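> fold the following.
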Amino acid sequence: MIYQRYHFERLTSTNDYAKELLQKHNCVVVTADFQTQGRGRNKNQWLGEYAQNVYLSFGVKHPNLRLFEEVAYFQGLGALAVYNTLVKITPTVQYALKYPNDIYAKTKDSKFRKISGVLVEHQFVGNLCVSTVLGIGVNVNQKEFPKELSETAISLRMLGYDFKIEDIVNNLISEIERLMELFPDEIFEIWKNKLNIIGKEIFVINRQLLCKVEGMDSIGRLVAVANNNEKLLISDGDSIRYELEG
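Numbering: from 1, shown residues only. Predicted coordinates for the structure are as follows:
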């Protein structure tokens, strides 16, 4: 995979800059020491300490324009790239994927806390996808989090590890390159299995409904059935709660 590599001390958003670069390149990797307008899914703000975490965006043009269904696997590709990298560099830590693409680490108190998130953004012309950008954030050397995140977030440093940011970035890029060699259906199936959510009970927060996940459709939505037999299609991981283990 041939890509153009860019690094900046400070950017508003690595995802936004990657989109701009795709106007002249076919494939790019953008990293920054700090983002001033970093974001996660649902426009949630994603901020961290300067030069202590991974802020990376991988962007690729699609030479053959694709329907959304044909690029849905990128949700899984981003999540698997981070998951596989973390398992490789810290094999004694237990990690879990939370739907659709958050990565959680099990701490010494047996709680799962978020260590990474992935934001996937597709660019369309009509109903055809022309490019995709994966935004990846990994908490690496951050020593503490704001009060509102102190019970839910964790970093590799807080787990007892000390890594150079560039080493993790290089591992992530290598893993993305490896996954890009697989067929989309392969990535989708590995992602679905690694999520380990099919057959589990989930609580849909905004509906106050307890549901059972029966499967995943072709664009990555969870197919769930409520206790009242209502069928739901769920794409927002922040709208549900469930046990990561078991």
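
> so the closest residue to K194 other than its chain neighbours: helix, strand or coil?
Of all residues not flanking K194 in the chain, L97 sits nearest, at 5.3 Å (C-beta to C-beta, 6 or more residues apart in numbering). The C-beta positions use only the backbone N, C-alpha and C, and glycine is treated the same way. Of the three states, L97 takes strand under DSSP: H, G, I helix; E, B strand; the rest coil.

> name the residues that touch stretch 185-199?
Identification of contacts with stretch 185-199 by C-beta atoms under 8 Å, 6 or more residues apart in numbering yields 72-73, 75-77, 79-80, 83, 96-97, 99-100, 179, 212-216, 220, 222, 242, 244.

> quick check: beta-bridge partners of the residue nearest to K194?
Under DSSP bridges, the beta-bridge partners of L97 are I103.

> roughly how far out does stretch 201-210 sit from the chain middle?
Stretch 201-210 has its C-alpha centroid displaced from the chain centroid by 22 Å (C-alpha atoms, centre = their mean, to the nearest Å).

> ok, stretch 215-230 next?
The chain centre lies 21 Å from the centre of stretch 215-230; the measure is C-alpha atoms, centre = their mean.

> tabulate the CA atom coordinates of it in PDB.
The C-alpha trace of stretch 215-230 is given here as PDB (Å, rounded to 0.1, in the frame of the first residue of the first chain):
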ATOM      1  CA  GLY A 215     -27.400 -10.600  14.200                       C
ATOM      2  CA  MET A 216     -25.800  -7.900  12.200                       C
ATOM      3  CA  ASP A 217     -27.000  -6.700   8.800                       C
ATOM      4  CA  SER A 218     -24.900  -5.900   5.700                       C
ATOM      5  CA  ILE A 219     -24.100  -2.400   6.700                       C
ATOM      6  CA  GLY A 220     -23.100  -3.200  10.300                       C
ATOM      7  CA  ARG A 221     -26.300  -2.400  12.100                       C
ATOM      8  CA  LEU A 222     -27.300  -4.600  15.000                       C
ATOM      9  CA  VAL A 223     -30.500  -6.600  14.600                       C
ATOM     10  CA  ALA A 224     -32.100  -6.800  18.000                       C
ATOM     11  CA  VAL A 225     -35.500  -8.000  19.300                       C
ATOM     12  CA  ALA A 226     -37.100  -6.500  22.300                       C
ATOM     13  CA  ASN A 227     -39.000  -8.300  25.000                       C
ATOM     14  CA  ASN A 228     -42.200  -7.100  23.400                       C
ATOM     15  CA  ASN A 229     -41.000  -8.700  20.100                       C
ATOM     16  CA  GLU A 230     -40.300  -5.300  18.500                       C
END
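
> for the closest residue to Y99 other than its chain neighbours, the count of nearby residues, please.
With sequence-adjacent residues excluded and distances taken as C-beta to C-beta, 6+ apart, Y99 is closest to G237, at 4.5 Å. By the criterion of other C-beta atoms under 10 Å, G237 has 21 neighbours.

> E181 too?
Number of residues near E181 (other C-beta under 10 Å) recorded here: 8.

> what's the domain layout of this structure?
4-195, 201-241 (automatic domain parsing).

> for H7, list each beta-bridge partner.
Beta-bridge partners recorded for H7 (DSSP bridges): T31.

> who's in contact with it?
30-32.

> for the protein, give me the ranges with low pLDDT.
38-47 (pLDDT under 70).

> nearest residue to the middle of it?
V118 (2.3 Å; C-alpha atoms, centre = their mean).
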